[in-house]
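A.B. asks: Here you go, sequence then predicted model.
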Amino acid sequence: MASAQRIETLRQPVPIDRHAADNLRFIRDTMERAGSFTAVPGWGGVAIGVTALATGFLSWPRPAAQQFVFWICEAILALGIAFFAVRLKSKRLALPLQSRPARRALLSFIPPLVAGAVLTAVLYQLQVLSVLPGCWLMLYGAAVVTGGSFSVRIVPVMGLCFMFAGMICLIAPQHWGDAFLMLGFGGLHLAFGVVIARRYGG
């Protein structure tokens, strides 16, 4: 009797829409990954977060001009870490940096950073340093959002968090700038870096 019930269960047709939905979901995910730059380095972000926190602690008790120098050095260091980490992950995952998604992500990422560099030079010349932390966070967040539009979904979300932190920083007391930089470039890079590393292959 039990065997007859099993045979009857096996004979029952599986709704075609279930197979179609599964197939469409697989095709959509495959195309999304193929058109995305997935070599965003999670562990590289963690390393940048650690160096940013260290920079924040070292520059905390110093005058604004000295803090500026510390954070400029951190920016140069972070660019080096990011470049090395992206190359390492792209080689490990066999994702060429000359691919169309990689070029799109890079070309979308660079303009906000260039705007930030020009704005930094102008504000430094005018000795208006108090607004720099908020501007750095917002423009870096904009770079991550635009570049992340060609990557996995969590990347533009991270960029929006940076932009939000920058907006709050601009209306907060001026002496909180170093703390916001630690929160953004340190805390957000650490948190999102761990998630990206675990979900997207390092």
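C.D. replies: Structure's in. What do you need?
A.B. asks: make it CA atoms for all contacts and neighbour counts henceforth
C.D. replies: Noted.
A.B. asks: could you list every residue that touches the residue most central in space within the chain?
C.D. replies: A centroid search over the chain (CA atoms, centre = their mean) returns Val155, at 4.3 Å, as the residue closest to the centre. When contacts are counted by CA atoms under 8 Å, 6 or more residues apart in numbering, Val155 touches 144-145, 148-149.
A.B. asks: try 6 Å
C.D. replies: By CA atoms under 6 Å, 6 or more residues apart in numbering, Val155 lies in contact with Gly148.
A.B. asks: same question, Met138
C.D. replies: Counted by CA under 6 Å, 6+ apart, Met138 has contacts 163, 166.
A.B. asks: Could you say which helix or strand holds it?
C.D. replies: For Met138, the host element (DSSP states H and E) is helix 132-148.
A.B. asks: CA atoms of that helix as PDB?
C.D. replies: The C-alpha trace of helix 132-148 is given here as PDB (Å, rounded to 0.1, in the frame of the first residue of the first chain):
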ATOM      1  CA  LEU A 132      36.700  68.400   5.100                       C
ATOM      2  CA  PRO A 133      35.700  65.300   7.100                       C
ATOM      3  CA  GLY A 134      32.100  65.600   6.000                       C
ATOM      4  CA  CYS A 135      33.100  66.400   2.400                       C
ATOM      5  CA  TRP A 136      35.500  63.400   2.300                       C
ATOM      6  CA  LEU A 137      32.800  61.000   3.600                       C
ATOM      7  CA  MET A 138      30.100  62.300   1.200                       C
ATOM      8  CA  LEU A 139      32.300  62.300  -1.900                       C
ATOM      9  CA  TYR A 140      33.800  58.900  -1.100                       C
ATOM     10  CA  GLY A 141      30.300  57.600  -0.500                       C
ATOM     11  CA  ALA A 142      29.300  59.000  -3.900                       C
ATOM     12  CA  ALA A 143      32.200  57.200  -5.500                       C
ATOM     13  CA  VAL A 144      31.300  53.900  -3.900                       C
ATOM     14  CA  VAL A 145      27.600  54.300  -4.900                       C
ATOM     15  CA  THR A 146      28.400  55.100  -8.600                       C
ATOM     16  CA  GLY A 147      31.100  52.500  -8.900                       C
ATOM     17  CA  GLY A 148      29.100  50.000  -6.900                       C
END
